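# Here you go, sequence then predicted model.
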Amino acid sequence: MSFTSTIARSETFGEWLLVQVDRHGPIGDLVKAAKADRAFPRTGSPDDVRKHLNKMQADGGMFEAVDDAETDWLCY
């Protein structure tokens with residue numbers, strides 16, 4: 001038996017990420033970069049953020065920060 005559970009979220013990953021201003025380390029660096037980036041996908045999903053970072057040729061550490069932030073967001 002298999003089923004899919006969908007959770008309705010009140011804020012997108014991008015919105016959630018932008019309010020994480022007290023974070024330190026790689027996620028904090030990602031938040032600072034996102035806040036300074038006018039083109040950051042504020043209403044985007046984690047995949048939208050990854051696509052944007054790829055387009056901006058971000059370093060691998062930023063992608064790892066997105067992975068960690070996504071885990072936190074999903075647990076939020």
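Perfect, I can see it now. Numbers count the residues shown, from 1 in each chain.
# ok, residues contacting stretch 12-20?
Contact with stretch 12-20 is made by 27-28, 30-31, 34-35, 40-46, 48-49, 69-70, 73, 76, as judged by CB atoms under 8 Å, 6 or more residues apart in numbering. All C-beta spots, glycine's among them, are computed from the backbone N, C-alpha and C.
# list the buried ones in it?
Taking 16 or more other CB atoms under 10 Å as the basis for neighbour counts, the residues of stretch 12-20 that come out buried are 12-14, 16-17, 20.
# go on, stretch 59-76?
Within stretch 59-76, the residues that count as buried by 16+ other CB under 10 Å are 62-63, 65-66, 69-70, 73.
# Could you list the low-pLDDT ranges of the protein?
Scanning the chain for pLDDT under 70 picks out 1-9.
# where do the helices sit along it?
Secondary structure of the chain, counting by DSSP state H: helices at 13-18, 25-36, 46-55, 60-75.
# now the angle from the third one to helix 60-75?
Interaxial angle, helix 46-55 versus helix 60-75 (axes from the mean of the first three to the mean of the last three CA atoms, to 10 degrees): 170 degrees.
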